[in-house]
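Peer 1: What would the 3D arrangement of this be:
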Amino acid sequence: MATTKIWPVKGWLGQVMHYVENEEKTAGTVFTEQEFQSLRDVMDYAMQDYKTEKQYYVSGINCIPAIARQQMQLVKKQFQKENGIIAFHAYQSFKPGEVTPDQAHAIGKMLARELWGDRFQVLVATHLDKAHLHNHFVLNSVSFVDGKRYNDCKQTYALLRDTSDRLCREYGLSVIEHPARSKHRSYD
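Peer 2: Predicted coordinates:
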């Protein structure tokens, strides 16, 4: 039973504060140092050695993991989209004991390729530090194909959940048949 979630990365990401030791220069961009720190934070969090078996379970879709941040920044600069939401952070979490690290990572890469691989750069990291193995996805908010931004909405989240469920079924894993609706209050 894989659960999923996606949320935007903007501003400062306090809950995943893992600053890199050797800070890279970001001068000459529209983003502030603090905003680029958010992208560094989420990538550092997703790729932590102790969670990813020394980064054995870290892959890039349309990017190279070691330089993914720089590649994403170049796409933003190329299309002059250096402000606003800088990335999306998503996860896919599996039922404890139901999947191996290799299976979890393979499913995560398939999910990323299917949903975003034709237009976006995605970092996929499988965390092994909890009883429930889980994938983290760092998705560039700007498409390298046409410079359009990723549209995060109810339909794209439903597609994420449905695709994850289909892949889990293909691997013989359990899925949540009737997921609970969000507990967030609508202010419409």
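
Peer 1: Give the next helix or strand downstream of the worst-scoring helix or strand of the chain on mean pLDDT.
Peer 2: Within the chain, confidence by mean pLDDT, DSSP states H and E is lowest for helix 33-46 among all helices and strands, at a mean of 59. On the C-terminal side of helix 33-46, the closest following helix or strand by DSSP states H and E is strand 58-61.

Peer 1: list the buried ones in the following helix or strand past that following strand?
Peer 2: Counting by DSSP H and E, the element after strand 58-61 in chain order, helix or strand, is helix 68-78. The neighbour-count check on helix 68-78 (16 or more other C-beta atoms under 10 Å) flags Ala68, Arg69, Gln71, Met72, Gln73, Val75, Lys76 as buried. C-beta here means a position set from N, CA and C on the backbone, and glycine is covered the same way.

Peer 1: Assumed His178 was part of a strand.
Peer 2: No. Judged by DSSP: H, G, I helix; E, B strand; the rest coil, His178 forms no part of a strand; its state is coil.

Peer 1: mind checking pLDDT for it?
Peer 2: His178 is assigned a predicted lDDT (pLDDT) of 75.

Peer 1: ok, it to His105 distance?
Peer 2: 28 Å (C-beta to C-beta, to the nearest Å).

Peer 1: more neighbours, the two?
Peer 2: The residue with more neighbours, out of His178 and His105, is His105; 23 against 5, by other C-beta atoms under 10 Å.

Peer 1: does that one count as helix, strand or coil?
Peer 2: His105 ends up helix, using three-state DSSP.

Peer 1: What residue, apart from its backbone neighbours, is nearest it spatially?
Peer 2: Excluding the flanking residues, the one nearest His105 by C-beta to C-beta, 6 or more residues apart in numbering is Thr126, at 4.1 Å.

Peer 1: so where's the chain uncertain?
Peer 2: 1, 7, 10-55, 179-188 (pLDDT under 70).

Peer 1: One more pass at 80, please.
Peer 2: 1-56, 129-130, 178-188 (pLDDT under 80).

Peer 1: Adjacent strands (with direction) for the helix or strand containing the residue nearest to His105?
Peer 2: Element membership of Thr126, judged by DSSP H and E, is strand 122-127. Applying DSSP bridges, strand 122-127 is found paired with strand 58-61 (antiparallel), strand 134-140 (antiparallel).

Peer 1: gap between Glu98 and Ala131?
Peer 2: In terms of C-beta to C-beta, Glu98 sits 10 Å off from Ala131.

Peer 1: So for these two, which sits in the more crowded spot?
Peer 2: Shown here are Glu98 and Ala131; by other C-beta under 10 Å, Glu98 has more neighbours (17 against 8).
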